[in-house]
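Q: quick check, what structure comes out for this input:
(4 chains)
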2 protein chains.
Amino acid sequence: MAGRVSTPGASVVSRAFALLGAFDDRHRSLTLSELSRRAGLPLATTHRLVAELVGLGALARREPGHYVVGRRIWSTGLLAPVQTGLRELASPFLHDIFAATRATVHLAVREGTEVLYLDRLGGSESVPIVSRVGGRLPLHCTGVGKVLLAHAPHEVVAEVLGSLRRVTPYTVVRADLLAAQLERVRRDGYATTADEMTIGASSVAVPVLRGGTDVVAALGIVVAELRRDRQQLVAALRVATQGIGRVLDESAPPPD
Amino acid sequence: MAGRVSTPGASVVSRAFALLGAFDDRHRSLTLSELSRRAGLPLATTHRLVAELVGLGALARREPGHYVVGRRIWSTGLLAPVQTGLRELASPFLHDIFAATRATVHLAVREGTEVLYLDRLGGSESVPIVSRVGGRLPLHCTGVGKVLLAHAPHEVVAEVLGSLRRVTPYTVVRADLLAAQLERVRRDGYATTADEMTIGASSVAVPVLRGGTDVVAALGIVVAELRRDRQQLVAALRVATQGIGRVLDESAPPPD
DNA sequence: GCTGGACTTCCACTCAGTGGAAGGGAGACG
DNA sequence: CGTCTCCCTTCCACTGAGTGGAAGTCCAGC
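A: Coordinates of the predicted model:
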C-alpha cells in the first residue's frame, strides 16, 4: 500500500483487525462511521476494508448501514483451543461449584493486561455481573484478575500498576496498596475483591496450576457479600482447581 | 503490495483470511508449511503473515512450529449475532425436543453452498454424528441441508446440483433425483435422509420460518432409523419451529 | 431549501507487500 | 559422518495494491 499514509507502520492486516476490534460487548452493531471512528481509520479506508471483510464473511451487514461480526469469524473462533482445551476440560468442575454455591462462577486467563473470561456459569438469580464469556475486564479490580496479576511477569505488573483506572469508589487505584495485595495473594493462594468492579458484588478467586507451579488460569466466584463464607468458598475453589490441574497434567505434560 | 505477485487480485486481507480458513475441524493445529499449502500461499508470504497474525492475537503458536486459532478470534466471534440472535432464542426449543426424543437435535443455516451448524444438542448416547457447532457440511446429504437447499435461490441450487459429492454409498448424487426430492420437501414441508452422510444415521428436518414465509434456518433431528416415528418427529419439530418463528417475529419484524 | 451527518466514488501517489533464492537446523538413512 | 530431505527463517529488488483527501450523493430534520 502506499500513498499519503496517515499512520505508517500499520499494515493492512492490522487495520482490518482494528475494525474487528471495534466491536465489543456494548457495540455489537456499528455503522460505517462508527467503525471508522472506533478503529481510528479514515472513512474512505474503512469503507473499502469493510466491503472486503463483508465479502470474506468476516463482517455482515444487517439493516442497511449496520455491520456486525460475521459468521465466519464465529465458526473459526470455535476452533480456538480455548474452546476445546481448558474450557471444556474445566467445565464439569465449574458445574460442581455452581451446584454447591448457586453463585456466579468464572474461569479466566490473562491476555496482555486484561482478564479474558473463558467461561461463566451463573443463574439469573445470581448477583448481576458485567463479565461475559469471551469478554475482557481490567486485571486490578476483579478477583480472577488479581490472581492472574499476582502471577504475571514483572513488566505486565508494572504496566498495570502504572495506570489503575477507577471503576467504582472502592476500586483500588493506589499502586502500593495493590502491590501489597498481590503479595498477599501469592502468600495466601487466593484473592478477594469487594465492590471494586461492581457495587454489591464481592469475589474470591484462586489460581489454576499446571504441573503444580504454572498459573495457567484463575477460577473465581462472585457473591453479594463475602463475610465468613470466605474460607469455605476458597476451599471449594481449591478442590475444583486441584481437579482441573490433575486433568491438565494428564492430558499434557507440565510445561507448555 | 506488489513485486512478483503470483495471484494478482488477491488482497493481503484475503490472504490473511485464507490462512484462518486453513483451519477446520480436522485441522485445529497446523505447521507453517501446512498453512502455506492449505492456504495456497508461498512459504515466505505465509511466514510473514502468520507472524503478523500471531502478533495481533488472531493466531497463537503452541509447541514450536504449531499454530492454532487465537483467542482474539474466539472472543470476537462470540460477538457475532448468531451467538446471541437465532441461536440463543431457539435454544429452549431445542432443549424441549431433545428432552422429548433424546436424539441429536440440530439448528442450521445455509452459508453459500454449505450447511452451517449453529447449535447442536445430543447426549453421548445419541447416534454418532460428524456435525459440530460452527462446522460446515454439504447441503445435499443432510436433513437440514436439503430443507435449506429446497428454499435456496436458483443459482445456489444449480451450483450444488452441478457437483454432488458422494459421501456414502447411499448419498444421492444424481441431480434429477435430488431435484425431485427438493420438490417434495417444498410440498411436504420436511426433508429426510437415510445413511446419506453417515451410515447408521437418518434424519428429518423442517424449515424455520420468519414472517410465515422466509426460511431463515432449519431444525433437524438425527436418529438411528426413521421407520414410522417420522410423522411424530415432524410434528415435534413443527411445534418447535412455530415457537421459534413466533419469537422471531416478535423480536424483529418479518423481512430482514 | 438548507444544513449536517452518513455513505460512496474517484484517482494520483507511493511504500507496504511480495516471493524467489539462499541460509540454517534437525532428523533419517545408508 | 556425509548426504538427503523437510521445515523454518531471513534477505531484498521490484512494483501494483492500498491509501486517503476531496468531491459527489443521499436522506432526515428543521
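
Q: quick one: secondary structure of A:V247?
A: Put simply, A:V247 is helix when judged by DSSP: H, G, I helix; E, B strand; the rest coil.

Q: state the distance from the residue nearest to it when sequence neighbours are not counted to DNA strand D.
A: Leaving aside its chain neighbours, A:V247 sits nearest to A:L89 (5.4 Å; criterion: Cβ to Cβ, 6 or more residues apart in numbering or on different chains). In short, each C-beta sits where N, CA and C put it, glycine included. The gap separating A:L89 from DNA strand D is 26 Å, by Cβ to the nearest atom of the strand, to the nearest Å.

Q: count the residues that sit near A:Q231.
A: Applying the criterion other Cβ atoms under 10 Å in any protein chain shown, we find 11 residues in the vicinity of A:Q231.

Q: which SSE is it in?
A: Assigned by DSSP states H and E, A:Q231 falls within helix A:230-251.

Q: report the rounded mean pLDDT for that helix.
A: Across helix A:230-251, pLDDT averages out at 91.

Q: work out the gap between it and the centre of the chain.
A: Here the centre of helix A:230-251 is set off from its chain's centre by 20 Å, with Cα atoms, centre = their mean, to the nearest Å.

Q: list the buried residues for that helix?
A: Neighbour counts over helix A:230-251 (16 or more other Cβ atoms under 10 Å in any protein chain shown) mark A:L233, A:V234, A:A236, A:L237, A:A240, A:T241, A:G243, A:I244, A:G245, A:L248 as buried.

Q: what ranges do the strands span in the stretch 1-150 of chain A?
A: Using DSSP state E, counting those that start in this stretch, the strands found in the stretch 1-150 of chain A span residues A:29-30, A:59-61, A:67-69, A:104-111, A:114-121, A:136-138.

Q: and B:S36, which of these is closest to it?
A: strand A:59-61 (26.1 Å; Cβ to Cβ).

Q: can you tell me which of the buried residues of helix A:230-251 is nearest chain B?
A: Among the buried residues of helix A:230-251, A:L248 lies closest to chain B (Cβ to the nearest Cβ), at 14.3 Å.

Q: ok, which stretches of chain A are helices?
A: Using DSSP state H, the helices found in chain A span residues A:12-21, A:32-39, A:43-56, A:71-77, A:81-84, A:86-101, A:143-150, A:154-161, A:175-188, A:230-251.

Q: now for the first one, which elements pack on it?
A: Helix A:12-21 is packed against helix A:32-39, helix A:43-56, helix B:12-21, helix B:43-56, helix B:71-77, with contacts defined by 3 or more Cβ pairs under 8 Å, 6 or more residues apart in numbering or on different chains; DSSP states H and E.

Q: give me that answer again for 10 Å
A: helix A:32-39, helix A:43-56, strand A:59-61, helix B:12-21, helix B:43-56, helix B:71-77 (3 or more Cβ pairs under 10 Å, 6 or more residues apart in numbering or on different chains; DSSP states H and E).

Q: for the fourth one, same thing?
A: Taking 3+ Cβ pairs under 10 Å, 6+ apart as contact, the helices and strands that helix A:71-77 lies on are helix A:43-56, strand A:59-61, helix B:12-21, helix B:71-77, helix B:81-84, strand B:104-111, strand B:114-121.

Q: next, format those as JSON lines and append distance to B:A180.
A: As requested, those are exported to JSON lines (distance: least, Cβ to Cβ, whole Å):
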{"stretch": "helix A:43-56", "distance to B:A180": "35"}
{"stretch": "strand A:59-61", "distance to B:A180": "34"}
{"stretch": "helix B:12-21", "distance to B:A180": "34"}
{"stretch": "helix B:71-77", "distance to B:A180": "38"}
{"stretch": "helix B:81-84", "distance to B:A180": "32"}
{"stretch": "strand B:104-111", "distance to B:A180": "20"}
{"stretch": "strand B:114-121", "distance to B:A180": "20"}
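
Q: closest to DNA strand D out of these?
A: Closest to DNA strand D of those is helix A:43-56 (Cβ to the nearest atom of the strand; 3.2 Å).

Q: quick check: buried residues in that closest one?
A: Using 16+ other Cβ under 10 Å as the burial criterion, the residues of helix A:43-56 that qualify are A:T45, A:T46, A:L49, A:V50, A:E52, A:L53, A:L56.

Q: the third one touches A:A39, doesn't it?
A: This points to A:L49. Yes: counting by Cβ atoms under 10 Å, A:A39 is a contact partner of A:L49 at 8.8 Å.

Q: between those two, what contacts are shared?
A: Jointly contacting A:L49 and A:A39 under the rule Cβ atoms under 10 Å, 6 or more residues apart in numbering or on different chains are A:R15, A:A16, A:A18, A:L19.

Q: contacting residues around the residue nearest to A:S14 when sequence neighbours are not counted?
A: Closest residue to A:S14 apart from its sequence neighbours, by Cβ to Cβ, 6+ apart: B:L56 at 6.2 Å. Going by Cβ under 10 Å, 6+ apart, B:L56 touches A:S11, A:V13, A:S14, A:A16, A:F17, A:A18, A:L20, A:G21, B:A16, B:G70, B:R72, B:I73.

Q: could you list which of the residues you listed also contact DNA strand C?
A: Near DNA strand C, judged by Cβ under 7 Å from any atom of the strand, the entries from the contacts of B:L56 are A:S11, A:V13.

Q: so which of the contacts of B:L56 sits lowest on pLDDT?
A: Lowest pLDDT among the contacts of B:L56: A:S11, with 88.

Q: which residues touch the residue nearest to A:V247?
A: By Cβ under 10 Å, 6+ apart, A:L89 lies in contact with A:G243, A:I244, A:V247, A:L248, A:E250, A:S251.

Q: which one of these is nearest A:A179?
A: Nearest to A:A179 out of the contacts of A:L89 is A:I244 (Cβ to Cβ; 28.1 Å).

Q: OK, contacts around the closest residue in space to A:V156 that isn't next to it in sequence?
A: Spatial nearest neighbour of A:V156, chain neighbours left out: A:T113 (6.1 Å); criterion: Cβ to Cβ, 6+ apart. A:T113 sits next to A:136, A:138-140, A:145, A:149, A:152, A:155-157, A:159-160, A:162-163 when contact means Cβ under 10 Å, 6+ apart.

Q: nearest residue to the middle of chain A?
A: Central residue of chain A (Cα atoms, centre = their mean): A:L116, 1.6 Å from the mean position.

Q: wouldn't that one be in contact with A:L137 here?
A: Yes: between A:L116 and A:L137 there is a contact under Cβ under 10 Å: 8.7 Å.

Q: now do the shared contacts for those two.
A: Common neighbours of A:L116 and A:L137 (Cβ under 10 Å, 6+ apart) are A:A108, A:V144.

Q: for the stretch 51-200 of chain A, what lies in contact range of chain B?
A: Within the stretch 51-200 of chain A, the positions adjacent to chain B are A:52-53, A:55-60, A:62-63, A:68-85, A:87, A:109, A:111-112, A:116-118, A:132-136 by Cβ under 10 Å from any Cβ of the partner chain.

Q: ok, of these, which come out buried?
A: For those, buried by 16+ other Cβ under 10 Å: A:52-53, A:56-60, A:68-83, A:85, A:87, A:109, A:111, A:116-118, A:133-136.

Q: quick one, what contacts A:S14?
A: Contacts of A:S14 by Cβ under 10 Å, 6+ apart are A:T7, A:G21, B:A16, B:E52, B:L53, B:G55, B:L56.

Q: tabulate those residues (JSON lines), appending distance to A:V223.
A: Converted to JSON lines, these look like this (distance: Cβ to Cβ, whole Å):
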{"residue": "A:T7", "distance to A:V223": "45"}
{"residue": "A:G21", "distance to A:V223": "33"}
{"residue": "B:A16", "distance to A:V223": "43"}
{"residue": "B:E52", "distance to A:V223": "43"}
{"residue": "B:L53", "distance to A:V223": "40"}
{"residue": "B:G55", "distance to A:V223": "39"}
{"residue": "B:L56", "distance to A:V223": "37"}
